[in-house]
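> I'd like to go over a predicted model; first the sequence, then the structure.
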2 protein chains.
Amino acid sequence: MALLVQKYGGTSVGSVERIEAVADRVQRHREQGDDIVVVVSAMSGETNRLIGLAKDISEAPSAREMDVLLSTGEQVTIALLSMALHKRGLEARSYTGSQIRITTDSAHGKARIQKIDTEAMQLDLDAGRVVVVAGFQGADELGNITTLGRGGSDTTGVALAAALEADECQIYTDVDGVYTTDPRVVDSARRLEKITFEEMLEMASLGSKVLQIRSVEFAGKYQVPLRVLSSFKEGEGTLITAEENDSMEQPAVSGIAFNRDEAKLTLKGIPDIPGVAARILGPISDANIEVDMIVQNISVDGTTDFTFTVHRNEYENALSVLNNVAKELGAKDVFSDAKIAKVSIVGVGMRSHAGVASTMFRALAAESINIQLISTSEIKVSVIIDEKYMELAVRSLHSAFGLDTSAYGVSKG
Amino acid sequence: MALLVQKYGGTSVGSVERIEAVADRVQRHREQGDDIVVVVSAMSGETNRLIGLAKDISEAPSAREMDVLLSTGEQVTIALLSMALHKRGLEARSYTGSQIRITTDSAHGKARIQKIDTEAMQLDLDAGRVVVVAGFQGADELGNITTLGRGGSDTTGVALAAALEADECQIYTDVDGVYTTDPRVVDSARRLEKITFEEMLEMASLGSKVLQIRSVEFAGKYQVPLRVLSSFKEGEGTLITAEENDSMEQPAVSGIAFNRDEAKLTLKGIPDIPGVAARILGPISDANIEVDMIVQNISVDGTTDFTFTVHRNEYENALSVLNNVAKELGAKDVFSDAKIAKVSIVGVGMRSHAGVASTMFRALAAESINIQLISTSEIKVSVIIDEKYMELAVRSLHSAFGLDTSAYGVSKG
């Protein structure tokens, strides 16, 4: 008997049939004696339909009114799911974000949860009721409806699990877990049974789309065990938890993340003097361009080279800003390249395994893949390479770190 | 400069274009200096779409969850209308029923408004904002979402007008006012400039579908001037107000109402003893059948005849109940007829005009229309006739009471 928070995304509740399937699953858990809080998204397509209505009326609809509009999507789903649960003889009660008093700040469209009142939910759970909560939404102190932004339903699930001290927050989605890398790229990719919050954060921030970063941060902060499962087939999914003490047994690398979303810009031959990095990145950030990797090497002859990456959508923007900066700083040259890929190895195990980076570089060299940039964190090594080698690099690294065959923490997907 | 509550029904906000037209109208009123509270329904078709989803899931969806589901319809409209107002440079803010604290009882699907908190609205109005409120909905003391049932948006409009002491509650609909009778039946039917609450109540209860009875009762109780207007064309509509003192100048009859919705049942030759009416109508009401007209004439030879009408949908039901009652009471016979029509003349003026009923009966007799039943109230005379004469009766009465040509309180539609 456990207290579970189960979150179902848009495709998992995308039709009456899918909602019935969710109700079936909740029923099975109830019959096993679990207490269930269900968090649901809007039915897939509904949010886009509502956005379309708003765009027909206004090119720049007010953020407050967008939240009033979009929050109806989840409200429809909670009512329908509750009805489906009733039909199965289960007691269930639906709540909007504002009803369950998920209090947020007033940043419409990207609000942050400040507190959750668990009293009503606890009364329902004690009475044997399934609690069905609209994800993605809350209300500010004044009662204005707010939404949490993209992926906000995951955040709702984790926040409720934290507030209720649930045994697990289960995120049902259209994939059956977190993989060592993208199975569409590497045939031998395997589902991880477990991964740490830190690894999941790196995987997510590096482009693995299974979970939203915010919800993983939240789960890590409040130590809520998070499980990613498929809502379309049975399975154990992947459990995301705090690092365990037996980390010596962990593999050096848990997964390979990659993306083609970035572009690279370099200022060549700039004076190596204090403040130069700020003079380069200041104008970039003033233009609301987010920077990902930043690399500066040691100087030669009093000048240095400065490289950073931005999202590929911001490439043209960033380049025009940088050309101005180059003139001001008297840079020798500006190089740029949008045809790059970022490939990263991630694993808490690399803390205790020497030579992880060199294994990576050797594997890439064996395929004659040139490394353009390197950046590291405690549990991650990222490289920038020519985008045409991306799949090859991912496959060779997946193999080099024994992810194809490793039995530890990995099972067939 | 007036404070107006304007209510727009489903067809008036049935598309993005219609919502834009509503915003244009609100803007014109704002430019004239009026303060505006707008109450809107769900976009036409939306409520039925939501009901369809619920019915796909459950034949008997919980009333609480139906309210959660259906209340999203108006919530979409308030957001879209607010956006359309913003686009016109107007300040506007939307509120759901629960946000504006329209507190109701907990009778889901047919809740009654208990109180309204006007503080937030008043602050908005003072700040020059248009207040946009979701009709048809509220929340009970515990925060459960409730709906007011059919026509509930009219009730919301009137209730807000009463709470805010508005100068007028304007109900925008697809007809341009209240007519002396149905223009589809009588070509010379004319739009009334004014009608009293009492007359409107009689007209509504007799089958004129312009306004819901509840909203008229409410308006009458709180003396909120109510105006019915077309949202599709300009015009003064019909003002529904308290009776004025110059009632001597009023015509005897303001309008002719009629319907074919009823069926007539008669017990013949029952003992004329105390309690007999209760013994007849008790079983009828136990079967949840509503009775409209009840007529009992004086007794002859210690027996009497007892006649009543029910909704035609309940005819078979009522007849089978009545056959049992007839046996118990030893009635001589049971007569019944579903092919009847009810035609009524309505007018506060008939209080001060003698001979109104006899004018009615003479007009019908002139067309050789036999009167089967007569029932009267202070401002109404209703007759039951053969349904095939209904249109003829309405036209002849419309003419007999000078409604075709009367200049008082009447203008071309």
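Arrived safely. Numbering: from 1, shown residues only, chains lettered A, B, ... in the order given.

> Look at the closest residue to A:Ile379 other than its chain neighbours and say how many residues are nearby.
Spatially, and ignoring its direct neighbours in sequence, A:Ile379 is nearest to A:Val348 (5.1 Å; Cβ to Cβ, 6 or more residues apart in numbering or on different chains). No exception for glycine: its C-beta is placed from N, CA and C like everyone else's. By other Cβ atoms under 10 Å in any protein chain shown, the residues close to A:Val348 number 23.

> so what's A:Val348 scoring on pLDDT?
For A:Val348, the pLDDT comes out at 87.

> Would you check how far apart it and B:Asp126 are?
58 Å (Cβ to Cβ, to the nearest Å).

> go on, A:Arg64?
Counting by Cβ to Cβ, the gap from A:Arg64 to B:Asp126 is 19 Å.

> Between those two, point out the one with more neighbours.
A direct count of neighbours by other Cβ under 10 Å for A:Arg64 and B:Asp126 places A:Arg64 higher, at 21 against 9.

> check which helix or strand covers the more buried one.
helix A:63-87 (DSSP states H and E).

> can you pull the buried residues of that helix?
For helix A:63-87, burial by neighbour count (16 or more other Cβ atoms under 10 Å in any protein chain shown) applies to A:64-87.

> restrict those to those near chain B?
Of the residues in the buried residues of helix A:63-87, proximity to chain B by Cβ under 8 Å from any Cβ of the partner chain holds for A:64-66, A:68-69, A:71-72, A:75-76, A:78-80, A:82-84, A:86-87.

> Just confirm A:Gly269 is within a strand.
Yes - according to DSSP: H, G, I helix; E, B strand; the rest coil, A:Gly269 belongs to a strand.

> What ranges does the stretch 201-350 of chain A have for its helices?
A:213-221, A:276-286, A:315-329 (DSSP state H, counting those that start in this stretch).

> what's next to the last one, contact-wise?
The one in question is helix A:315-329. A:263, A:265, A:267, A:270-271, A:276, A:279-280, A:283-284, A:287, A:289, A:310, A:331, A:333-334, A:336, A:338 (Cβ atoms under 8 Å, 6 or more residues apart in numbering or on different chains).

> at 7 Å what do you get?
Under the criterion Cβ atoms under 7 Å, 6 or more residues apart in numbering or on different chains, residues A:263, A:265, A:267, A:270-271, A:276, A:279-280, A:283-284, A:287, A:289, A:310, A:334, A:336, A:338 lie in contact with helix A:315-329.

> If we only consider those residues, which is nearest to chain B?
Nearest to chain B, judged by Cβ to the nearest Cβ, of the contacts of helix A:315-329 is A:Ala287 at 27.6 Å.

> And for the residue nearest to that closest one when sequence neighbours are not counted, the neighbour number?
Excluding the flanking residues, the one nearest A:Ala287 by Cβ to Cβ, 6+ apart is A:Val321, at 5.3 Å. By the criterion of other Cβ under 10 Å, A:Val321 has 22 neighbours.

> How much space separates A:Val321 from A:Val310?
10 Å.

> Please list the residues of chain A that sit near chain B.
For chain A, the contact set with chain B under Cβ under 7 Å from any Cβ of the partner chain comprises A:16, A:19, A:50, A:53-54, A:56-58, A:61-62, A:65, A:68-69, A:72, A:75-76, A:78-80, A:82-84, A:86-87, A:94, A:99, A:143.

> doesn't A:Thr173 make contact with A:Gly235?
No - using Cβ atoms under 7 Å, A:Gly235 makes no contact with A:Thr173, being 11.8 Å away.

> who has more neighbours, the two?
A:Thr173 (22 against 13).

> Tell me who's in contact with the closest residue to the more buried one other than its chain neighbours.
Once flanking residues are discounted, A:Thr173 sits nearest to A:Gly9: 5.4 Å by Cβ to Cβ, 6+ apart. A:Gly9 is in contact with A:Ser41, A:Ser153, A:Tyr172, A:Thr173, counting by Cβ under 7 Å, 6+ apart.

> Now the third one: which helix or strand?
When secondary structure is defined using DSSP H and E, the element that contains A:Tyr172 is strand A:168-173.

> List the contacts of that strand.
Against strand A:168-173 from outside (Cβ under 7 Å, 6+ apart): A:2, A:4-9, A:12, A:154, A:157-158, A:161, A:210-211, A:219, A:224-231.
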